[in-house]
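1. the following comprises the amino acid sequence and a computationally predicted model.
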Amino acid sequence: MFDYLIIGGGSAGCVLAARLSEDPAINVALLEAGPPDTNVLIHCPAGLAVLGKNGQANWKFDTTVQPGLNGRRGYQPRGKVLGGSSSVNAMIYIRGQREDYDHWAAQGCPGWSYDEVLPYFKRAEDNARGADAFHGSGGPLHVMDLASPNRLDAAFVEAGRQAGYAVNPDFNGASQEGVGVYQVTHKNGERFSAAKAYLAPNRQRPNLHVFTGAHATRILVERKRAVGVEFVHEGHVKQLRATREVLLCAGALQSPQLLLLSGIGPHPHLVERGIATVHDLPGVGENLHDHVDVVQVVNAPALKETLGVSLAGAAHIAKGIWEWRQQRTGPLTTNFAEAGGFIKSQPQERTPDLQLHFAIAKIVNHGRTTLWGHGYSCHVCLLRPRSRGTLRLASKDPFDAPLIDLNLLGDRDDVERLMRGFRLMRQLLQQPALATLGGREMPDSAQATTDLQVEQFIREHADTVYHPAGSCRMGKDSFAVVDPELRVHGLQGLRVVDASIMPRVVSGNTNAPTIMIAEKAADLIRAAQKA
């Protein structure tokens with residue numbers, strides 16, 4: 001029997017486990033389906049190139065067939081390990097725009113405006129640059145500039161300046177707009193995941209119990225109150241009970257999946273899957289969306305300092321492995337997408353609606369397709385897509401992957417914005433600072449010059465940058481799943497705390513906002529405990 005049961009040991013779950021167990025009188029259990037975060041590929045930043053495509057710490061989900069992608073399936077890697085996706089992601093620290101959170105508040109979510117969530121970002125943060133009006137120091141999550149940046153970062157930033165964009169040294173400061181080099185969640189040359197930041201320092205607390213390899217299969221509900229969880233652990237079906245609350249932190253794909261498996265969701269779908277309806281909640285699995293993204297690759301054989309597949313590249317990596325093992329410095333401290341920016345698809349936009357990720361390698365198909373030789377690539381993604389999809393069950397078997405339909409490019413506005421973004425990205429990459437390095441755009445994108453060709457290229461190559469959100473939307477209307485205190489509507493003792501609660505995905509990478517959500521949730525839970 002525990003006071004709180006936390007389902008999911010990802011970014012949000014690690015935060016809640018640490019914060020709630022600060023009170024020695026409170027017993028907390030954390031369940032994670034994946035293993036402990038002991039794999040060296042997790043801690044070596046460049047290991048993300050492998051983690052993104054193998055199954056060692058990755059659920060490796062695929063979407064359903066996407067008509068907007070010309071019938072292709074999208075790829076949805078999610079962390080299956082302590083730390084969740086913060087243990088396998090690109091480690092970029094981005095919060096989004098002030099307007100994102102003010103929009104949440106305006107949509108019926110009081111308490112979630114930018115001014116109200118900024119203190120939680122700052123409380124979480126230990127920024128190596130120090131504290132200021134926008135940043136914190138001394139928090140659990142270490143944030144820093146890249147220790148060994150690639151020289152191409154400066155070339156990209158200069159190319160952005162030549163293209164007419166402002167140079168922005170802090171995307172999380174007063175303004176997001178411009179080009180620059182990303183800050184990352186690193187410390188001492190290693191990835192600094194939520195597990196390292198929040199869980200590792202507190203694992204010895206006697207009131208904190210962590211179960212790995214624990215696959216949750218059902219939330220136990222009695223008389224409209226969540227009272228526990230059923231899970232498979234070490235080959236056996238087990239149950240744990242919660243005296244206070246069950247906290248669901250399984251992410252935008254698996255939080256709605258577990259609610260549905262538990263009979264919490266739209267009644268017609270539950271009937272279709274042969275699951276008894278415990279609580280008819282029509283919004284579960286609705287409003288699913290993600291940042292849609294497309295890549296241009298530049299072949300540059302002379303740039304041997306990029307991470308490429310060649311004899312010279314192999315020697316570079318071998319030297320980098322030795323340096324990282326000995327000193328925790330060098331090329332293997334890269335997060336690949338080292339530089340980037342936030343730009344407007346057209347001048348009349350109030351805030352940037354596109355994000356750029358500049359990668360120091362030739363990366364396509366999420367790194368699952370090998371491109372020989374050296375070069376670089378750039379992603380452009382749509383920050384506020386209008387397309388909305390659904391999360392549904394394939395069956396009532398909790399070990400079956402869910403049906404993930406993001407409806408990518410289902411809204412014509414998304415297509416047109418991404419087309420404009422593709423052309424702006426090409427213009428930036430053609431500026432002298434990069435063009436003089438001798439690279440050449442790869443033929444499959446270079447031949448896309450007319451509007452029809454650009455659209456066709458996007459439909460044939462676009463996917464997401466793994467920021468699913470919105471499937472357990474926060475709000476007060478009939479299709480909202482949780483209220484502004486993250487309590488599931490119509491049930492007691494159950495909250496959802498992860499990116500699934502976002503009414504609209506933030507304008508940027510989602511790890512830092514997810515940590516913020518959990519920091520705020522910890523305060524909401526403690527306030528309810530005292531009431």
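-> Received, thanks.

2. quick one, phi/psi of the closest residue to Val309 other than its chain neighbours?
-> For Val309, ignoring the flanking residues on the chain, the nearest one in space by C-beta to C-beta, 6 or more residues apart in numbering is Trp372 at 5.0 Å. Where you see a C-beta, it was placed from the backbone N, CA and C, and this is true even at glycine. Trp372 has phi and psi values of phi -80, psi 150 when expressed as degrees, to the nearest 10.

3. same check on Ala337?
-> phi -90, psi 70.

4. any chance you could map the strands in the stretch 51-200 of the chain?
-> 61-66, 72-76, 125-127, 141-145, 178-181, 183-184, 186-187, 190-191 (DSSP state E, counting those that start in this stretch).

5. helices or strands up against the fifth one?
-> Helices and strands touching strand 178-181, as assessed by 3 or more C-beta pairs under 8 Å, 6 or more residues apart in numbering; DSSP states H and E, comprise helix 151-162, strand 337-343.

6. what's the angle between the shortest one and helix 151-162?
-> Angle, strand 337-343 to helix 151-162, by axes from the mean of the first three to the mean of the last three C-alpha atoms, to 10 degrees: 10 degrees.

7. so how far is strand 337-343 off the chain centroid?
-> Relative to its chain's centre, strand 337-343 lies at 16 Å (C-alpha atoms, centre = their mean, to the nearest Å).

8. for that strand, packing partners?
-> Using 3+ C-beta pairs under 8 Å, 6+ apart: strand 337-343 touches helix 151-162, strand 178-181, strand 354-359.

9. in a markdown table: those, plus mean pLDDT and mean neighbour count.
-> Listed next are those as a markdown table, based on pLDDT from 0 to 100; neighbours: other C-beta atoms under 10 Å:
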| stretch | mean pLDDT | mean neighbour count |
| --- | --- | --- |
| helix 151-162 | 98 | 20 |
| strand 178-181 | 98 | 21 |
| strand 354-359 | 98 | 26 |
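
10. can you say which of these is nearest to Ser255?
-> Proximity to Ser255 (C-beta to C-beta) singles out strand 354-359 among the helices and strands packed on strand 337-343, at 24.7 Å.

11. that older thread, can you list the helices and strands packed on strand 178-181 in TSV and add distance to Pro513?
-> Formatted as TSV, the helices and strands packed on strand 178-181 follow (distance: least, C-beta to C-beta, whole Å):
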stretch	distance to Pro513
helix 151-162	24
strand 337-343	15
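
12. nearest to Arg98, of these?
-> Across the helices and strands packed on strand 178-181, closest to Arg98 is strand 337-343 (C-beta to C-beta), at 12.7 Å.

13. what's that closest one in contact with?
-> With contact meaning C-beta atoms under 8 Å, 6 or more residues apart in numbering, strand 337-343 is reached by 90, 92, 146, 149-150, 152-153, 156-157, 160, 165, 168, 171, 176-182, 352, 354-360, 379, 383, 421, 424, 507-508.

14. hmm, 7 Å instead?
-> For strand 337-343, the surrounding residues in contact (C-beta atoms under 7 Å, 6 or more residues apart in numbering) are 90, 92, 146, 149-150, 153, 156-157, 160, 165, 171, 176-182, 352, 354-360, 424.

15. after the biggest strand by length in the chain comes which helix or strand?
-> Identified as the longest strand of the chain according to DSSP state E is strand 236-248. Downstream of strand 236-248, the next assigned helix or strand under DSSP states H and E is helix 251-261.

16. right, and the residue nearest to Val309 touches Leu311 too?
-> No: with contact defined as C-beta atoms under 7 Å, Trp372 does not count as touching Leu311 (10.8 Å).

17. give me the more crowded residue out of the two.
-> Set Trp372 next to Leu311 and count neighbours by other C-beta atoms under 10 Å: Trp372 wins out with 11 against 7.

18. using CSV, lay out the strands of the stretch 51-200 of the chain together with distance to Ala531.
-> Below are the strands of the stretch 51-200 of the chain laid out as CSV (distance: least, C-beta to C-beta, whole Å):
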stretch, distance to Ala531
strand 61-66, 39
strand 72-76, 38
strand 125-127, 29
strand 141-145, 29
strand 178-181, 44
strand 183-184, 38
strand 186-187, 37
strand 190-191, 38
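
19. which one of those lies nearest to Leu428?
-> strand 178-181 (8.0 Å).

20. contacting residues around that closest one?
-> With C-beta under 7 Å, 6+ apart as the test, strand 178-181 has contacts from 146, 149, 153, 157, 160, 165-169, 171, 338-339, 341-342.

21. select the longest helix from this protein.
-> Across the chain, the helix with the greatest residue count (assigned by DSSP state H) is helix 511-530.

22. quick one: that one to strand 141-145, angle?
-> 160 degrees.

23. got the CA coordinates for helix 511-530 in PDB?
-> C-alpha atoms of helix 511-530 as PDB (Å, rounded to 0.1, in the frame of the first residue of the first chain):
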ATOM      1  CA  ASN A 511      11.000  17.700 -22.700                       C
ATOM      2  CA  ALA A 512      11.500  20.900 -20.700                       C
ATOM      3  CA  PRO A 513       7.700  21.700 -20.800                       C
ATOM      4  CA  THR A 514       6.900  18.200 -19.600                       C
ATOM      5  CA  ILE A 515       9.300  18.600 -16.700                       C
ATOM      6  CA  MET A 516       7.600  21.900 -15.900                       C
ATOM      7  CA  ILE A 517       4.200  20.300 -16.000                       C
ATOM      8  CA  ALA A 518       5.300  17.700 -13.400                       C
ATOM      9  CA  GLU A 519       6.900  20.400 -11.200                       C
ATOM     10  CA  LYS A 520       3.600  22.300 -11.100                       C
ATOM     11  CA  ALA A 521       1.600  19.000 -10.700                       C
ATOM     12  CA  ALA A 522       3.700  18.200  -7.500                       C
ATOM     13  CA  ASP A 523       2.600  21.500  -6.000                       C
ATOM     14  CA  LEU A 524      -1.100  20.800  -7.000                       C
ATOM     15  CA  ILE A 525      -0.900  17.400  -5.400                       C
ATOM     16  CA  ARG A 526       0.600  18.600  -2.200                       C
ATOM     17  CA  ALA A 527      -1.900  21.400  -1.900                       C
ATOM     18  CA  ALA A 528      -4.700  18.800  -2.300                       C
ATOM     19  CA  GLN A 529      -3.100  16.600   0.300                       C
ATOM     20  CA  LYS A 530      -3.200  19.500   2.800                       C
END
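
24. what's in contact with the longest strand of the chain?
-> 1-8, 16, 29, 219-220, 226-231, 255, 258, 493-497, 525, 529.

25. mind checking which of those are buried?
-> For the contacts of strand 236-248, a burial check counting by 16 or more other C-beta atoms under 10 Å picks out 2-8, 16, 29, 219-220, 226-231, 255, 258, 493-497, 525.

26. nearest to Asn188, of the helices and strands packed on strand 178-181?
-> Taking the helices and strands packed on strand 178-181 one by one with C-beta to C-beta, strand 337-343 is closest: 18.2 Å.
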